[in-house]
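J.: Kindly generate the corresponding structure for this input.
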Amino acid sequence: MLQKCFGDLVVTANEIGKIIEIKAELKNTHGNLFIETWSNRSSFTPGWLLKCQADWIWYYFVEDKQLYHIAMNELRTWSNTGAIFNYPERCQKKYEQLNDTWGRCVPIEVLRRELASFRGPVNPLELAESNSYGDFEDHFFD
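T.: Next comes the predicted model:
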């Protein structure tokens, strides 16, 4: 139950705990992030943009080994300005599921330009192999 509201994991940076919601897609085909507005539109269940209380969103493209980071409060504030309405709401059809999931495909470059907290891409596997977590912290914990 807590995961539905608060996120997938907790990390500690500079002795401060941060809650992270992880989103994953197989491949970055179009250069967008799918920002979920409805988890199940037909049941009026809001998506993670509206209900998730995590501090950060980590968005990972598995085949590309690309990890992106966004502060959730900044993404929500940006959305509340109406900027998200520049992108049409679409039903998620990439993956078969029971939910009637809807969201907006926002270009990564738009998010990079408009959100100060946006970081990435970083290949977390390379960071793990290099044992250079300082690089990871430079990208994600400021």
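J.: For residue 94, which non-adjacent residue is spatially closest?
T.: Leaving aside its chain neighbours, residue 94 sits nearest to residue 25 (7.5 Å; criterion: C-beta to C-beta, 6 or more residues apart in numbering). Quick note: C-beta positions are derived from backbone N, CA and C, even for glycine.
J.: OK, contacts around that neighbour?
T.: By C-beta atoms under 8 Å, 6 or more residues apart in numbering, the contact set of residue 25 is 34, 59-62, 94.
J.: can you check residue 50 too?
T.: By C-beta under 8 Å, 6+ apart, the residues touching residue 50 are 37, 76.
J.: related to what we said a few turns ago, just checking, which of the contacts of residue 25 belong to strands?
T.: Judged by DSSP state E, the contacts of residue 25 include 34, 59-61 as members of strands.
J.: Please list only the buried members of the residues you listed.
T.: Buried members of the ones in strands among the contacts of residue 25, scored by 16 or more other C-beta atoms under 10 Å, are 34, 59-61.
J.: possible to save these as a markdown table with distance to residue 52?
T.: Shown next, in a markdown table, are those (distance: C-beta to C-beta, whole Å):
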| residue | distance to residue 52 |
| --- | --- |
| 34 | 14 |
| 59 | 13 |
| 60 | 16 |
| 61 | 19 |
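J.: Just flag the most distant two among those.
T.: The largest distance within those, taken as C-beta to C-beta, falls between 34 and 60 and amounts to 12.4 Å.
J.: Out of the helices and strands in this protein, which is least certain?
T.: Within the chain, no helix or strand scores below helix 2-6, which has a mean of 45 by mean pLDDT, DSSP states H and E.
J.: and the helix or strand containing residue 106, average pLDDT?
T.: Counting by DSSP states H and E, the element that carries residue 106 is strand 102-107. What strand 102-107 shows for mean pLDDT is 96.
J.: Pass me the low-pLDDT residue ranges in the protein, would you?
T.: 1-14, 127-142 (pLDDT under 70).
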